[in-house]
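> attaching a predicted model along with its sequence, questions to come.
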There are 2 protein chains.
Amino acid sequence: MIRAALVAASMMMVLPMVAQKQFTLEDLNFGGTNYRNMIPQNRSLRWWGDQLVRVAADTCWTVNLKNGKEKVFFTRAQVNKWMGGDTVRSLMGITFPYADQSLVALGTVGKVQMVDFKAKKQVWSQNRGEEQAAEWNKESRAVAFVKGDNLYVTDGAGQTRQLTTDGSRDIVYGQAVHRNEFGIMGGLFWNPAGTRLAFYRMDQSMVTDYPLIDVPEMDDTTRYIATPAPEKYPMAGQTSHKVTVGIYDLATGQTTYLQAGDPTDRYFTNIAWNPDGDMVYMMELNRDQNDCRLVSYDAATGRRIAELYRETHDKYVEPQTPIVFLPWDKNSFIMQSQKDGYNHLYLFTDGKQVKQLTRGNWVVMDMLGFDEKGHNIFFTANAENPIQKNVYRVNVDGGTMARVDEGGRGWHDAALSASGKWLIDSYQEPDVPRNIAIVNTTDGKAVRYFTAPDPWQGYTVPEYRCGSIKADDGVTDLYYRMVMPVGFDPNKKYPTVVYVYGGPHAHNVDARWHYCSRSWETYMAQRGYLLYIMDNRGSENRGRDFEQATFRQLGQVEMRDQMQGVNFLRTLQYVDTARIGVHGWSFGGFMTISLMTNYPDVFKVGVAGGPVIDWKWYEVMYGERYMDTPQTNPDGYKKTSLINKAADLKGRLQLIIGLNDPTVVPQHAYSFLKACIAAGTQPDFYVYPGQGHNMRGHQSVHLHERITRYFDDYLK
Amino acid sequence: MIRAALVAASMMMVLPMVAQKQFTLEDLNFGGTNYRNMIPQNRSLRWWGDQLVRVAADTCWTVNLKNGKEKVFFTRAQVNKWMGGDTVRSLMGITFPYADQSLVALGTVGKVQMVDFKAKKQVWSQNRGEEQAAEWNKESRAVAFVKGDNLYVTDGAGQTRQLTTDGSRDIVYGQAVHRNEFGIMGGLFWNPAGTRLAFYRMDQSMVTDYPLIDVPEMDDTTRYIATPAPEKYPMAGQTSHKVTVGIYDLATGQTTYLQAGDPTDRYFTNIAWNPDGDMVYMMELNRDQNDCRLVSYDAATGRRIAELYRETHDKYVEPQTPIVFLPWDKNSFIMQSQKDGYNHLYLFTDGKQVKQLTRGNWVVMDMLGFDEKGHNIFFTANAENPIQKNVYRVNVDGGTMARVDEGGRGWHDAALSASGKWLIDSYQEPDVPRNIAIVNTTDGKAVRYFTAPDPWQGYTVPEYRCGSIKADDGVTDLYYRMVMPVGFDPNKKYPTVVYVYGGPHAHNVDARWHYCSRSWETYMAQRGYLLYIMDNRGSENRGRDFEQATFRQLGQVEMRDQMQGVNFLRTLQYVDTARIGVHGWSFGGFMTISLMTNYPDVFKVGVAGGPVIDWKWYEVMYGERYMDTPQTNPDGYKKTSLINKAADLKGRLQLIIGLNDPTVVPQHAYSFLKACIAAGTQPDFYVYPGQGHNMRGHQSVHLHERITRYFDDYLK
């Protein structure tokens, strides 16, 4: 009997070890061969007016808004039959441009097409080539595009006109300018009717080139030798490009430029059209980024009409969203601003600010749209909790605000139907991989449409904790996430890795699945590490003052806050304080080296990816916003420069960059190595040839194997 | 009594540990702060006719040839007084151009001067600026120089004339061509009287640029951003440059080009003048490097006169030394060739080969000069032993040969006096740091002038062993050096590092001090490693077939030979075969990665510096000599390419390069990293920004600390 019991006990011990699967980086890392199976399932959804449609590669379904039931709408085979000659390879890219027409827009090789799925035939098609940028307008069906650096428009009838001839690497048309800062994501802006096109023109002939290098592919037999791949890169304090805004009128065939004055050292952003399509609005910011004006222009003449709004601040103003007109009142628009300390919505009527629509110590994140009938605006915000994102509506007339998502917890993304009556609410909570609900915005009732299964079923999943500590100011709450080592035993001491980003416009900890843990953390937890991640002052979603605490001394306040985190870790008996590592990328690479060299006795091992080393080598727009110029803030630049810290390196530090990084150019890392060589310190270094600021695809798996190995070698 | 004895014993044990000093890399490494004190002392000597002169910064001495006794000749203070205005900062650069005149040539800021040390006054001076190249002729006192890419001549009277105007990065005048192969070290060649100048002109406009990058110095406040530093780099199988040879006549002021025919895919090298200075000779080699001709030209007209000699070989012919005319017979010259299998001297009279002057299974290394009276040629050769270098004379008339150095052992460098009657013999032996003897070449008697003290007195010096094993062919002797761990105990097992170069034109093991051990080996021995270094087939000084065994498959025979060395190591019980590492630079970097990937279970750790990865990315001249072109030898290129071996990497391998390496361009390392990333293998990597193919100055100390640490981390 005793013997039998022993056997049973040992079987008990063996069984869970056999049953539980171990994660690999191919499972957990973006680009890994099994990654797609390991992330929570999702549904690809479109609105066709107020009809919800789910799309997949070969089929699409209508979704019943009352009960979430799906019915086959049409299949790829059917669409291809309806089109006659051309073949669409997947339905994933389809859209339903018109709420009131049975048309689906899709792309085939070299073409865009529209198919009437009721009439079962193709009703429109337009040729498309390889373009540097393109923007289609559904009303006029005209497309504006950039090819060979010049700008073209093909009208709805298929007539193509070339708008510019001097496009080049120096003169850039119709593309994002100002290095994608200020919310800029493109350079082509149709008016609502698609009859006039606003476009960016950027003269960057006066901007220095950063000499990036392309290493040829291994199978390139025609050119063995590496080639220059110069990148126009305006560095802080140096000469920057000049941007103007052109207006092309399809009816007249004429182009007019907005009469905005000398573009030297100015930023033109957040371009918007009035509903009638005869006025253009933009935000105009000075190079010092502390004086911002909303200005309107006559689209026909380019004449400046009026300055509607001006915002100044002794640190900086950062306009990020264009104004949006009310669908029911073409004389009123919504503007976003954090002038009261938090990003909120403001109503303007007849060009004048009428009232503040939202208010509170929380931020409006995204405007989703309108309910034209009820005069509501829908938006996301973190009004429940600094680490949540929920969906709200606010009534423009009465100002009442209500939450409209399912459950009120977690992190919600939403898409509004055409009328604003329905909302798709796709969300995660710390223990919810993904739910999708259909919300009736009128009565707030939610129907659960989709509940994703736990993709990590059968694996040993570590424990994810979340909490807050006080910042170095003793007042501000900072949120952290901890990933506990698999098989956590509070009486053991664990090597601990602080993952850090720390810069503006990003945060790490939120109320998503596993508190938004990066899956590499889980991999490390499986290997016996404790992971700690905290959003310091300077990071996003906490309001203006929280972010601007870092002004003119990037990294300093951030480090002090991160050290508060380390002090907290020191209070935990299971943290091995002799084995604390740090890892981060980009701004987080800067933070990693800053921490390694400012607290050389605290951090034993660090891995810094794509690190900024000296802000004077970073680009004008982002760099000067936070640091002013090297000329006006020499002390700040000097204090934060890691060149001056090279001699203080003590632990093991690996720098990793992409050889073709156009964002944090390789000069940063090289100069730090030079300084370390001169100082007699020994960082390690690795480079991904052909890669940019982040490693793409499967190279990310290689990268994280590399990062993991470094901690295994020196921290474990 | 017992107690007293114990105290004495423990003192005995402590004393040697206190007394013996430990080496640091600052002591042992080139560029280290104490390096100069740790290398064997030397004497800087000049011949003034048959008078020996020792020079130092502030003083020079005459040396008595009979007894080596020194007497102050003159001081720097005296010279500066004699010159009047200008100041020479050190006497180390002085020469005595004329055997029969009391003149010393020296350089001051912006000038070259001559001082008569008997008349005690300056007798001649010429201005000099910053030049890309310069060559002075002592007879006419004319100087040819290159400035701003163009060629100039200043005659002895100080008259300057510009010879060319189209010099540029594309059109290169008066500098080394063919990437310094074929013994080329410069591009300006005066005739003996200094009345005519031969010079190279290279058109490299058709050669691709390799895009190297200069990272600005940290204190550069005017230009923050990195700059392109393109290097004209003709890769194997690709379009190469075109070289022609011009002759400028000082008397007529006219330039004539040698009528050598179409320069496409041809090498012109070993330019020489006849004693009368009216004929030019050069070696002309085809691009395939298997057909070489010695051709003479009329210097006045450029007309081709005659082909005097032709050498072909089915592998390659490699001319490396210009012909040298006999001082006593202006119709006779000496040519060097390894056409009988070893480099030897051949006498030509009236343009025809008359006889072979030296013969045997050993090689002539350097021709030192002549004894005009006795009709002897002096030269160095390894006739005693493949790893020695001794000094010999051979009689041109009778052919008798005799050794003339002191002792007949070791490695001898020598300088002949003007008449050839005296020889300075500076040498090392495995246990001799440096001796300098004065040899009377007539009777062979040697007087010891200088005996360097052991610079490592007081340090614990490891044991240096030397021996030979059989090559992979079972026949050929290969010489190795072993540096035993400090405190060697044959019953222990030691981590062992194979240092390797392995390429042509170099060798590692010779009969110099400590068998020519690189001082890093001693540092490693002090840290408990055993070092093993062996010259495989393909390396220098062993004759043509020994070198050419590697033809069209660089690395293959070399690896097999190195593995013979590893098999030998395996027979030594004190070698830990589980801890074998490998390290090499340049060709040795190529060998290191070749060995790591072809024998992944043998080598646990490797450090590869400036490694060739694929010979198709190496330069035309060197690459095609050994590998032919990628077009004609695709199998050889494929087999030796390390791109195809990236997946086989198992152990820890660190690649290290100079970011500005113009010899093995960074593309090699980058492409290997790319291949490893694609294959999922994990080499390490480091780069020295601003450094070329080798790390200069104190950066070499940093480098060797890095290399050492890598073995400490993973092999120890």
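Yep, that arrived.

> ok, then the element right after the lowest-mean-pLDDT helix or strand in chain A?
Lowest by mean pLDDT, DSSP states H and E among the helices and strands of chain A is helix A:2-19, with a mean of 42. The first helix or strand that comes after helix A:2-19 along the chain, using DSSP states H and E, is helix A:25-28.

> touching stretch A:141-159 from outside, list them.
Identification of contacts with stretch A:141-159 by CB atoms under 8 Å, 6 or more residues apart in numbering or on different chains yields A:112, A:124, A:126-137, A:140, A:160-169, A:171-175, A:187-188, A:190, A:194, A:197, A:199, A:248, A:250. Every C-beta, even on glycine, is put in place using the N, C-alpha and C of the backbone.

> and that stretch, average pLDDT?
Across stretch A:141-159, the average pLDDT comes to 95.

> ok, now which ones touch the residue lying closest to residue A:292 once chain neighbours are set aside?
Nearest non-adjacent residue to residue A:292, counting by CB to CB, 6 or more residues apart in numbering or on different chains: residue A:317, 4.3 Å away. Neighbour list for residue A:317: A:285, A:289, A:290, A:291, A:292, A:311 [criterion: CB under 8 Å, 6+ apart].

> could you redo the last one with a cut-off of 10 Å?
Residues in contact with residue A:317 (CB atoms under 10 Å, 6 or more residues apart in numbering or on different chains) are A:283, A:285-286, A:288-293, A:310-311, A:337-339, A:544, A:625.

> which SSE is the closest residue to residue A:97 other than its chain neighbours in?
Nearest residue to residue A:97, sequence neighbours excluded (CB to CB, 6+ apart): residue A:138, at 4.1 Å. Secondary structure assignment for residue A:138, by DSSP H and E: no helix or strand.

> so who does residue A:138 touch?
By CB under 10 Å, 6+ apart, residue A:138 lies in contact with A:95, A:97, A:98, A:103, A:105, A:114, A:156, A:190, A:192, A:194.

> I'd say residue A:314 and residue A:544 touch.
No. Residue A:314 is beyond contact range of residue A:544, at 11.7 Å (criterion: CB atoms under 10 Å).

> these two - which one has more neighbours?
More crowded of residue A:314 and residue A:544, by other CB atoms under 10 Å in any protein chain shown: residue A:544, with 20 against 7.

> my guess is the more buried one contacts residue A:311. True?
No. Here residue A:544 does not reach residue A:311: they are 11.4 Å apart, not a contact under CB under 10 Å.

> out of the contacts of residue A:317, which comes closest to chain B?
residue A:625 (18.2 Å; CB to the nearest CB).

> next step: the contacts of residue A:317 restricted to strands.
A:283, A:285, A:286, A:291, A:292, A:293, A:310, A:311, A:337 (DSSP state E).

> ranges for the helices of chain A?
Per DSSP state H, chain A carries helices over the ranges A:2-19, A:25-28, A:35-38, A:76-83, A:519-526, A:544-548, A:556-570, A:587-598, A:620-627, A:634-640, A:667-679, A:699-714.

> so which of these is nearest chain B?
Nearest to chain B, of those and by CB to the nearest CB, is helix A:667-679 at 4.0 Å.

> now do the contacts for residue A:588.
Residue A:588 sits next to A:499-503, A:506, A:508, A:558, A:582, A:607-612 when contact means CB under 10 Å, 6+ apart.

> could you check the angle the longest strand anywhere in chain A makes with helix A:519-526?
Longest strand in chain A, counting residues (DSSP E): strand A:575-585. Strand A:575-585 and helix A:519-526 are oriented at 150 degrees to each other (axes from the mean of the first three to the mean of the last three CA atoms, to 10 degrees).

> ok, and for strand A:575-585, which residues are buried?
Neighbour counts over strand A:575-585 (16 or more other CB atoms under 10 Å in any protein chain shown) mark A:575, A:576, A:579, A:580, A:581, A:582, A:583, A:584, A:585 as buried.

> could you pull up the residues touching the second one?
The neighbourhood of residue A:576, defined by CB under 10 Å, 6+ apart, consists of A:492, A:493, A:494, A:495, A:496, A:530, A:569, A:604, A:715.

> so how far is residue A:530 from the second one?
From residue A:493 over to residue A:530 the distance is 10 Å, taken as CB to CB, to the nearest Å.

> the two: which has the busier surroundings?
Neighbour totals were compared for residue A:493 and residue A:530, and residue A:530 leads with 26 against 15 (other CB under 10 Å).

> quick check: residue A:124 touching residue A:101?
No. Applying CB under 10 Å as the test, residue A:124 and residue A:101 come out as separate, 11.1 Å apart.

> so residue A:310 bridges to which residues?
residue A:293 (DSSP bridges).

> again but with residue A:235, I slipped
Beta bridges link residue A:235 to residue A:619 when assigned by DSSP bridges.

> which sections of chain A are below the confidence cut-off?
Scanning chain A for pLDDT under 70 picks out the ranges A:1-19, A:220-221.

> now do the domain split for it, please.
Domain assignment for chain A by automatic domain parsing gives A:41-127, A:457-714.

> go through those domains and pick out the most buried.
Mean neighbours per residue, mean count of other CB atoms under 10 Å in any protein chain shown, is largest over those for domain A:457-714, with a mean of 21.

> start and end of that domain, how far apart?
With CA to CA, to the nearest Å as the measure, domain A:457-714 spans 32 Å from end to end.

> check stretch A:167-182 too.
The straight-line separation of the ends of stretch A:167-182 (CA to CA) is 24 Å.

> next one: stretch A:100-113
End-to-end distance for stretch A:100-113, by CA to CA: 18 Å.

> same check on stretch A:689-698?
Using CA to CA, first and last residues of stretch A:689-698 are 14 Å apart.

> chain center to it: distance?
Stretch A:689-698 sits 17 Å away from the centroid of its parent chain (CA atoms, centre = their mean, to the nearest Å).

> I figured residue A:574 hits residue A:532, correct?
No. Judged on CB under 10 Å, residue A:574 makes no contact with residue A:532 at a distance of 11.9 Å.

> list residues touching both of those two?
Shared between the contact lists of residue A:574 and residue A:532 (criterion: CB under 10 Å, 6+ apart) are residues residue A:496.

> distance from the chain centre to stretch A:325-338, please.
Centre-to-centre, stretch A:325-338 and its host chain are 25 Å apart (CA atoms, centre = their mean).

> got it, and stretch A:575-585?
For stretch A:575-585, the distance from its own C-alpha centre to the chain's C-alpha centre is 27 Å (CA atoms, centre = their mean).

> what do you get for stretch A:28-45?
Distance, centroid of stretch A:28-45 to centroid of chain: 18 Å (CA atoms, centre = their mean).

> now that stretch: buried residues?
So, applying 16+ other CB under 10 Å, buried residues of stretch A:28-45: A:28, A:29, A:30, A:31, A:32, A:35, A:38, A:39, A:40, A:43, A:45.

> thanks a lot, catch you later.
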